[in-house]
Each structure stands twice: as C-alpha cells, then as structure tokens.
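Here is my input; please provide its structure:
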Amino acid sequence: MATEEANKPPPLPCYPQLIINAIEALDDKNGSNKTSISKYIESKYGDLPTGHSTLLSHHLNRLKETGELVFWKNNYMKADPNAPPKRGRGRPPKPKVPLPPGMVLSSGRPRGRPPKDPNAPPRSPKPSGSGKPRGRPRKMTRPEGGIGGSSTTMMSTLAVRPRGRPPKVKASALTEVSVEH
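Numbering: from 1, shown residues only. Below you'll find the model as predicted:
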C-alpha cells in the first residue's frame, strides 16, 4: 500500500497554476508553445482530464487576456512586470476629472422620454406645412375626349405598340424595291 501512494503523481493544481509552473520550469527565453506546455504537464502529473487540450487552450487565452502571460510568435511567456501595460485597440477614453470631495453629481434630467401627463388637454393634429398631401400623387386616368379631338381619331393616328423591345424583322419580309429612272 505504501508503494502505491509513493508512485502516485502529485494532485492536480488549478490550470492557471499548472501553466505558469510549466513555463517557469521550461524556462525558454523565447517562451514555450502550447504543445511543450502540455507535454510538461502530462509528464509531471500523469493522468489528465479528458478535455485537457480544450482546458489548456481556454486557460492560456484567459491568462493572455488578463495580462499574466504574453503571446508572441506562437509562444507564451510570463509578462514582464516592468513592461508598460498593453493598450487595447481604438482610441483611449478621455481621463475622468475627479470631483471635489463632498460634491455629488446630479443630473439635470432623468434619462429617456418623459412620461405623458394624464391631465394635459388632448393635442390637435399638426397642420401640414405646405397643404399638399404626402407621398407620390395618384395616377390620373386618361380623359375621354383626349387633348384635341375624339378618342377614335386619336387611336387611329397613334399605333398601339406592345410593351418591350420590338421583335426582330426577318430577312424574308424585306423585299427589294426597284427604282426606275
């Protein structure tokens, strides 16, 4: 029984601690990549959970976002405590001016649209500015008499064309006309 306990690997600490320990133990000046960190953890602690690779990726990303680790050229390394903090993308926010002590910030109006007054008299609808109706005017129907004459004479003078492109004229329909001198 005592030999089984001696051969057992040490208990598994939390993943961020595992990762930082692995990077410190590997001690590479260019940092350590994900596979080398994973192999070190596997060799030291033996049995790992089934989702080890996804857990490792998740915690590496979290440590990178919090600034504990720096990701450079596909390698992770501990952040230099003397280095300036990395700025995010975009324009930095304006610095907020601190208020003098004892002064409370009060807003002039509450946010949003004010509620309607139930005691207020009903408002009449606004008259339109120009007096014209809004939108596109209605399509006018053609007058029966036409512009200058009866509808039958207008129809006979104007040939009614179908919509769209006219059909192509066939060569057989064209006939040569001889011109006599």
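
CA atoms for contacts and neighbours, from now on please.
OK.

what sits up against the longest helix belonging to the chain?
The longest helix of the chain (DSSP state H) is helix 52-66. Identification of contacts with helix 52-66 by CA atoms under 8 Å, 6 or more residues apart in numbering yields 15-16, 19, 34, 38, 69-71.

so where do the strands sit in this protein?
With DSSP state E as the criterion, the chain has strands at 69-72, 75-78.

Output the below-cut-off pLDDT ranges for this structure.
Across the chain, the ranges flagged by pLDDT under 70 are 1-12, 83-87, 104-107, 125-129, 143-159, 172-181.

The same query, at a cut-off of 90, please.
For the chain, applying pLDDT under 90 flags the ranges 1-135, 137-163, 166-181.

Helices of that one, start to end?
Using DSSP H, the helices found in the chain span residues 2-7, 15-26, 34-45, 52-66, 151-157.

May I see those helices organised as CSV, with mean neighbour count and distance to residue 124 added?
Formatted as CSV, the helices of the chain follow (neighbours: other CA atoms under 10 Å; distance: least, CA to CA, whole Å):
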stretch, mean neighbour count, distance to residue 124
helix 2-7, 8, 89
helix 15-26, 17, 68
helix 34-45, 16, 71
helix 52-66, 15, 58
helix 151-157, 11, 48
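
Any chance of a markdown table for the ones you listed, columns distance to residue 130?
Output for the helices of the chain, formatted as a markdown table (distance: least, CA to CA, whole Å):
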| stretch | distance to residue 130 |
| --- | --- |
| helix 2-7 | 94 |
| helix 15-26 | 71 |
| helix 34-45 | 72 |
| helix 52-66 | 60 |
| helix 151-157 | 37 |
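
and of those helices, who's closest to residue 79?
Closest approach to residue 79 among these is made by helix 52-66 (9.1 Å; CA to CA).

tell me the angle that closest one makes with helix 34-45.
Orientation check (axes from the mean of the first three to the mean of the last three CA atoms, to 10 degrees): helix 52-66 against helix 34-45 gives 120 degrees.

Next, the angle from helix 52-66 to helix 15-26.
Using the same axes, to 10 degrees, the inter-axis angle of helix 52-66 relative to helix 15-26 is 90 degrees.

ok, back up a step: can you tell me which of the strands of the chain is nearest to residue 103?
Using CA to CA, the nearest of these to residue 103 is strand 69-72, at 40.9 Å.

how distant is that closest one from the center of its chain?
Strand 69-72 has its average C-alpha position 26 Å from the chain's average C-alpha position, going by CA atoms, centre = their mean, to the nearest Å.

now do stretch 110-120
Between the centre of stretch 110-120 and the centre of its chain there are 34 Å (CA atoms, centre = their mean).

Alpha carbons of it, as CSV, please.
Once non-C-alpha atoms are left out, stretch 110-120 reads as follows in CSV (Å, rounded to 0.1, in the frame of the first residue of the first chain):
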residue,chain,number,x,y,z
PRO,A,110,-33.6,61.8,-16.0
ARG,A,111,-32.7,59.6,-18.9
GLY,A,112,-35.3,58.7,-21.6
ARG,A,113,-38.5,60.2,-22.8
PRO,A,114,-40.6,61.8,-20.1
PRO,A,115,-44.0,60.2,-19.3
LYS,A,116,-47.1,61.7,-20.7
ASP,A,117,-49.1,64.0,-18.4
PRO,A,118,-52.6,62.3,-18.0
ASN,A,119,-54.1,65.7,-17.0
ALA,A,120,-52.9,67.5,-20.2
